[in-house]
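# Pasting the sequence and the predicted model now:
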Amino acid sequence: DGVVGDVCTVLIREDGSTNMHLNDRASGPCPSTLKRIPRRLCVVSGASKALPLLGALRAGVATDLVLDDGAAHELLDLVHTRALHPRPRA
């Protein structure tokens, strides 16, 4: 299904979408529910977390972001490369 990570147990794709049957069993709030919270902090450490972070940011689940330099650099690289050539969904 193209899952790159999860936000509050809800599986998320690189494009920020979450519409998949596995999420019917998720115990956490969906992105639309999270968006009702005025301030949502996302903390990320490590370059390996950049792709899940990209999906989370595209889903709009965070209003504030704290990350280390490795995650920041990798995220910027992903944004530049994936914006030009997004990965097709299976």
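That came through fine. Numbering: from 1, shown residues only.
# Centre of the chain to stretch 71-78, how far?
Here stretch 71-78 is found 13 Å from its chain centre; the criterion is Cα atoms, centre = their mean, to the nearest Å.
# And the strands in the chain?
Taking DSSP state E, the strands of the chain run over residues 3-7, 10-13, 41-44, 64-67.
# Identify all contacting residues around the second one.
This points to strand 10-13. 1-6, 18, 20, 22-23, 26, 28-31, 52, 55-56, 59, 89 (Cβ atoms under 8 Å, 6 or more residues apart in numbering). Where C-beta positions appear, they are placed from N, C-alpha and C, glycine not excepted.
# Quick check: PyMOL command selecting the buried ones in those residues.
To isolate the buried members of the contacts of strand 10-13 in PyMOL, using 16 or more other Cβ atoms under 10 Å:
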select buried, resi 4+5+6+18+23+26+29+30+31+52+55+56+59
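# if I look at the nearest residue to residue 17 once chain neighbours are set aside, how far off is residue 23?
Leaving aside its chain neighbours, residue 17 sits nearest to residue 59 (7.5 Å; criterion: Cβ to Cβ, 6 or more residues apart in numbering). From residue 59 over to residue 23 the distance is 12 Å, taken as Cβ to Cβ, to the nearest Å.
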